[in-house]
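Asker: after the sequence you'll find the predicted model.
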Amino acid sequence: MIRYIIIQFVFVTVGFTHTAYAQTLDTLLPTVPMDYTTFISTVGQKNIAYAAEQFEIAIADAAIESAKIFPDPQLAFGWFDNGQRRMDMGYGFTSELTWTLELGGKRKARVDLARNQAQLTRHLLEDYFRNLRADATLAYLSAIQQRMLLEVLNNSYQQVKQLAAADIVRYKLGVISQVDARQSKLEAGTLLNDVYAAEAQYATAIAALSLLTADSEQAIEPVGDFSSFDRELNLPDLLVTALNNRADLKAALQQKHVSASVLKLAKANRAIDLDLSIGASYASYARNIIAPTPSFNTINTGVAIPLKFSNNKPGELRTANYARQQADHLFRQIELEIQTEVTQAFYSYQSAKKQVRQFNTGLLTEARAILDGKIYSYQRGETSLLEVLDAQRTYNEVQQSYYQALYGYAESLIALERASGTWDINIQ
């Protein structure tokens, strides 16, 4: 009875050590707690890659202004000298202003094309943020998962460390053999290595969050768990929503408009353009004794009409027509891909939900009860150390599988909402 009381005292003493270690572990990394809402808002505001993509909007708007420009006029000056100094043939000056008059609606077609391309750029940027938001959320959840796995291993290490410390006392009291004492100490050391590896994985996951927020001065510690991912969803409604909301489908539809604008511009380019000109010239007095001529001024206007022999080779027009047909096929293909993607994501989510519910039926509680029972029996000398360690490993595996199932559950919901073009994720 005295030996049993001493062993229980050792377990309690080491339990205080576990609490102190856990508190120290939390402060190993220079982290700053950040909730999910703040994190995703920071990603939208500070992510460098997203900021770079936003310049595409400004570039597209500038292209609209460029498309509105009329052709520049040309101003020419000339001077001539008849070259007959001995015969006093005189000299003169010429000037001419020319301007190209575009016909066939070329300018309007250019502007329409630039505006459609700008709208396409906006849809592509929206789709970029859709994927960025989902990827950032997965990174945030991955960090939460790594934190939970670290806690599992740390708790297991502390428990086995406590067991090893008690086994030293039991060995000295002659209750167990030296081999059992060494075995529990070895198991504690092995688990400590696992804790170190989990710490590295957690730190790596946190570093990924800093990359997304473009913050190199502090590390972000995620706040929350996996308790807010239960949804009751309907596949037909999700399919309709996806076809209405997906930014990449909007972009594919806009690409059809762009292709139509390109075809319209190609047709307009086949129309002739007129070069209008107006000029003036001055010729000085010619004092030639044979044919003296007074100085005079002349004014001339003209129209130049190009001969569009290139219209016999409609390569540009055929290329634009094929591109329009290609855009139609790509739009239908993306529609089918979205429907397939939503369907697959829906069934994956339903499967993940069933897996989580299976754990919630009592697997964790049962594994914990078995471990506690084995430890109690071991303290009383009724079971072997190997049975305790085996129960500990089983409990660890169940916990790790549970957290992986929770992450898979959340991941499948994010994939489903990414596919359907909806978003109501809120990690608490």
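Answerer: Thanks, I have the structure now. Numbering: from 1, shown residues only.

Asker: where do the domain boundaries of the protein fall?
Answerer: Listed domain ranges for the chain are 2-69+108-271+314-420, 70-101+273-307 (source: automatic domain parsing).

Asker: so which of the ones you listed is the most surrounded?
Answerer: domain 2-69+108-271+314-420 (a mean of 17; mean count of other C-beta atoms under 10 Å). Heads up, the C-betas are built off the backbone N, CA and C, glycines and all.

Asker: circling back: any idea which of the domains of the chain gets closest to Asn426?
Answerer: domain 2-69+108-271+314-420 (5.9 Å; C-beta to C-beta).

Asker: tell me if Thr422 really is in a helix.
Answerer: No: under the criterion used here (DSSP: H, G, I helix; E, B strand; the rest coil), Thr422 is coil, not part of a helix.

Asker: tell me where the protein has helices.
Answerer: For the chain, applying DSSP state H gives helices covering 2-26, 36-46, 48-67, 106-172, 178-213, 235-245, 247-268, 315-359, 363-379, 385-420.

Asker: got those as TSV, with distance to Gly302 and mean pLDDT columns?
Answerer: TSV is the format used below for the helices of the chain (distance: least, C-beta to C-beta, whole Å; pLDDT from 0 to 100):
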stretch	distance to Gly302	mean pLDDT
helix 2-26	86	40
helix 36-46	59	93
helix 48-67	29	93
helix 106-172	22	90
helix 178-213	64	87
helix 235-245	57	93
helix 247-268	25	93
helix 315-359	29	92
helix 363-379	92	79
helix 385-420	63	87
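
Asker: coming back round to it: now the domains of the chain as JSON lines including distance to Asn426?
Answerer: Below are these laid out as JSON lines (distance: least, C-beta to C-beta, whole Å):
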{"stretch": "domain 2-69+108-271+314-420", "distance to Asn426": "6"}
{"stretch": "domain 70-101+273-307", "distance to Asn426": "53"}
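
Asker: out of those domains, flag the one nearest Ile427.
Answerer: Between the domains of the chain, domain 2-69+108-271+314-420 lies closest to Ile427; by C-beta to C-beta that is 3.8 Å.

Asker: for the closest one, what is the distance to the chain centroid?
Answerer: 14 Å (C-alpha atoms, centre = their mean, to the nearest Å).

Asker: of all the helices of the chain, which one comes closest to Tyr285?
Answerer: If we rank the helices of the chain by C-beta to C-beta, the stretch that ends up nearest is helix 106-172, at 46.7 Å.

Asker: the inter-axis angle of the closest one versus helix 363-379?
Answerer: 20 degrees (axes from the mean of the first three to the mean of the last three C-alpha atoms, to 10 degrees).

Asker: elements contacting helix 106-172?
Answerer: helix 2-26, helix 36-46, helix 48-67, helix 178-213, strand 219-222, helix 247-268, helix 363-379, helix 385-420 (3 or more C-beta pairs under 8 Å, 6 or more residues apart in numbering; DSSP states H and E).

Asker: can I get the CA coordinates of the third one in CSV?
Answerer: I take that to be helix 48-67. Output in CSV follows, covering the C-alpha atoms of helix 48-67 (Å, rounded to 0.1, in the frame of the first residue of the first chain):
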residue,chain,number,x,y,z
ILE,A,48,1.7,40.6,-53.0
ALA,A,49,0.7,38.2,-55.9
TYR,A,50,-2.9,39.4,-55.7
ALA,A,51,-1.8,43.0,-55.6
ALA,A,52,0.2,42.4,-58.8
GLU,A,53,-2.8,40.8,-60.5
GLN,A,54,-4.8,43.9,-59.7
PHE,A,55,-2.6,46.0,-62.0
GLU,A,56,-4.1,44.0,-64.9
ILE,A,57,-7.3,46.1,-64.3
ALA,A,58,-5.4,49.4,-64.6
ILE,A,59,-3.6,48.1,-67.7
ALA,A,60,-6.9,47.0,-69.3
ASP,A,61,-8.5,50.4,-68.6
ALA,A,62,-5.5,52.2,-70.1
ALA,A,63,-6.0,50.0,-73.2
ILE,A,64,-9.5,51.4,-73.6
GLU,A,65,-8.2,54.9,-73.6
SER,A,66,-5.6,53.9,-76.2
ALA,A,67,-8.3,52.4,-78.4
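
Asker: contacting residues for the residue most central in space within the chain?
Answerer: Taking C-alpha atoms, centre = their mean, the centroid of the chain lies closest to Leu132, which sits 2.6 Å from it. Listed by C-beta atoms under 8 Å, 6 or more residues apart in numbering, the contact set of Leu132 reads Val43, Asn47, Ala49, Tyr50.

Asker: ditto for Asn321
Answerer: Leu263.

Asker: gap between it and Ser259?
Answerer: From Asn321 over to Ser259 the distance is 9 Å, taken as C-beta to C-beta, to the nearest Å.

Asker: how far away is the closest residue to Glu53 other than its chain neighbours from Ala251?
Answerer: Nearest non-adjacent residue to Glu53, counting by C-beta to C-beta, 6 or more residues apart in numbering: Tyr128, 5.2 Å away. To Ala251, Tyr128 is 10 Å away according to C-beta to C-beta.

Asker: Gly92 now?
Answerer: Distance, Gly92 to Ala251, by C-beta to C-beta: 61 Å.

Asker: same check on Ser384?
Answerer: 65 Å.

Asker: do Met148 as well
Answerer: Met148 is 38 Å from Ala251, by C-beta to C-beta.
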